[in-house]
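>>> The sequence and its predicted three-dimensional model are supplied below.
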Amino acid sequence: MDTADQRPSVVMATECADETHHRASWLPLVLVCFTGLVSVFNATVLPMAISGIVDGLNTTISNVQLAIVAYGVFVAAFTVTGGKISGVLGARNTQLIGLGIYAVGMLSCFLAQSVSVLIAGEAIAGLGGALLVPNALAILGQAYSGTQRTIAVSVLAGTTGIGAALALLVGGLLVQAWGWRAPFVLLLVIIVGTIGITSRVVLPRVPFRGAIDKTSIVLSAVGVLLLVAAINQIGTWGLILASDSAPVSVLGLSPVLALSVLGGLVLHMFVARQHSLRDGDRTPLLDPQVFGSGQNRACLSGLLAVNLLMAGVSYLLPLYSLMVLGKSPLGTAVMLIPISLAALVAAAATPTLMRLLACRWLLTGAHVLAAASVIVLALTISNQWSGVWTWASEVCLGLGIGVGLSAGSALLMESSPTSLSGEIGSARGMANFLGLCTGTAVAGAVLMSVLAQSASVSVADDPDLWSDSRIEVATSSVSFVANGDLRGLLAGMELTSAQLDRAVEINVESRLVALRASLCVLGLAVLLPIVTFRHLPARRKELD
């Protein structure tokens, strides 16, 4: 009798001891936060250094944009494979390999003497990121449970704000003081430190059964690459009708349409194969259960949209500040820091907000706030970048992004069993980085299209310029170059002083119009996932 009475207390004491040990060990969270810090820092600092890279490597903004996109593309294309590799090799070994590959990519970027090497370095880093991104949630899934896991996932999402803030301030200072290569040195140092932390983390290793399906690897990678290639070429080849620069044209249609359809079909084949593998008692590359619930699909679509918005804004605002306003990298950082700090505060508050509000209304409110803020920013922004509305919209934008990222990630993790942590990490990584590279591509495409159109209309309506055919040549090559450089380009066209001044003025005005249009498009895009939020819990008790 005594033995039977004592047994429950022994079990309870053991559970309490385990929980105490869990709560005392935050080293796995520190590890994944440092890893996330590296990823966000890398993605954010490139736009800050864009003018230095253009000058240093004698290239164009479009090529630098390609380097920015390359990282996100390779993470999105191979993150599903990375999640499965994490299951095969174990979370700790995967972390070490991913960090090593990432270091090679950053070293290549630091040593780059041409934009091609810079793009290749970012692509290599993307392969490392494809291992690290899904592995982060796998580590948290193994290390934490319950409320601790919610806090850990929210803190991880909060590293987006920390990484962006550091990239803006520290990265801006490094670029201004020592040039665009300096941030890559800092990243290498952080990676070495993170490898040291990884060597101290002990994680259980779950035996892997089955084999990695190579056909699924090809289908997932090719499908994502085709879609991103199509999106990235919208501005150059045209969305529906083929432009003059399109490589091929069938019935006057842009190849973007063909690539988009083909990419969608390949991804459909990938999903169908995962169901086929599971039904045949074989190991799918990505468990169909991840996309099986409407709640998971809603969270993933929300994460994709928020990352699209964040990437687009992170590309547009530094570009405009550096090239049009002529701000220094550090000055640009100070102008943009409210967004990052607000995102950090929102991420920290998300666990509390999730206990007070149903996730359906919390995420809906976050997306509406982000959309309204970026549209207000578009309407109030000016070439002086001042005013209460501009600063307020930046803060509100950061709050919406922070809650959207944190709540979406936490709910996605909570709604799935621990055994699917790696799979969930893969899906989350694909959504995040597909959104990041899509946001940069869409923002760039809208920006340049509206810029060219606005400048053409302004020249045509100006009686002092439209009759001079030489201006048409300048309009067709309008781009985001510094005003001094633009004046130098136009100076060789034998224009009068008044015509030269007017041409520069038109370009400045057109760039502001293009920036506003791009921000509005991003704001509308972040509203699209709201239609899927009907699948999210509408009452707080559904989260308990």
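The structure has been received and is ready for your questions.
>>> If you count contacts, what does the strand or helix carrying Gly312 end up packed against?
Under the criterion DSSP states H and E, the helix or strand holding Gly312 is helix 294-323. Packing partners of helix 294-323 (3 or more Cβ pairs under 8 Å, 6 or more residues apart in numbering; DSSP states H and E): helix 27-48, helix 50-56, helix 61-89, helix 329-356, helix 359-380, helix 388-414, helix 421-461, helix 497-525. (Each C-beta comes from the backbone N, C-alpha and C, glycine too.)
>>> What average pLDDT does that helix get?
Averaged across helix 294-323, pLDDT comes to 86.
>>> angle of that helix against helix 421-461?
40 degrees (axes from the mean of the first three to the mean of the last three Cα atoms, to 10 degrees).
>>> how distant is helix 294-323 from the center of its chain?
On the basis of Cα atoms, centre = their mean, to the nearest Å, helix 294-323 is displaced by 6 Å from the centre of the chain it belongs to.
>>> List the buried residues in that helix.
295-323 (16 or more other Cβ atoms under 10 Å).
>>> What's the local residue count around Gly179?
Using other Cβ atoms under 10 Å, Gly179 has 14 neighbouring residues.
>>> got a list of what it touches?
Residues near Gly179 by Cβ atoms under 8 Å, 6 or more residues apart in numbering: 52, 56.
>>> For it, give me phi and psi.
phi 100, psi 170 (degrees, to the nearest 10).
>>> now it: how far from Gly105?
Per Cβ to Cβ, to the nearest Å, Gly179 is found 19 Å from Gly105.
>>> what's the answer for Ala333, then?
24 Å.
>>> residue ranges of the strands in the stretch 101-250 of the chain, please?
For the stretch 101-250 of the chain, no strands are identified by DSSP state E, counting those that start in this stretch.
>>> re the thing from before, okay, the angle between the helix holding Gly312 and helix 61-89?
Relative orientation of helix 294-323 with respect to helix 61-89: 140 degrees, computed using the same axes, to 10 degrees.
>>> any chance of the helices and strands packed on helix 294-323 in CSV, with distance to Gly100 too?
Output for the helices and strands packed on helix 294-323, formatted as CSV (distance: least, Cβ to Cβ, whole Å):
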stretch, distance to Gly100
helix 27-48, 13
helix 50-56, 25
helix 61-89, 13
helix 329-356, 29
helix 359-380, 36
helix 388-414, 26
helix 421-461, 18
helix 497-525, 35
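>>> Check which residues of the helix or strand harbouring Val266 are buried.
If you go by DSSP H and E, Val266 is part of helix 255-279. Going by neighbour count (16+ other Cβ under 10 Å), the buried part of helix 255-279 is 255-257, 259-260, 262-263, 266-267, 269-271, 273-274, 277.
>>> Which elements pack onto that helix?
Secondary elements touching helix 255-279 (3+ Cβ pairs under 8 Å, 6+ apart): helix 214-232, helix 234-237.
>>> where does the stretch 201-350 of the chain dip in pLDDT?
203-210, 235 (pLDDT under 70).
>>> returning to that earlier point: wait, which of the helices and strands packed on helix 294-323 is closest to Leu140?
Set against Leu140 and scored by Cβ to Cβ, these come closest in helix 27-48, at 6.3 Å.
>>> Show me how the record splits the chain into domains.
Domain segmentation of the chain under automatic domain parsing yields 213-284, 452-515.
>>> Endpoint to endpoint, the longest one covers what distance?
By that I understand domain 213-284. Distance across domain 213-284, first residue to last, is 7 Å (Cα to Cα, to the nearest Å).
>>> so who does Phe34 touch?
Taking Cβ under 8 Å, 6+ apart as the test, what Phe34 contacts is 190, 193-194, 197.
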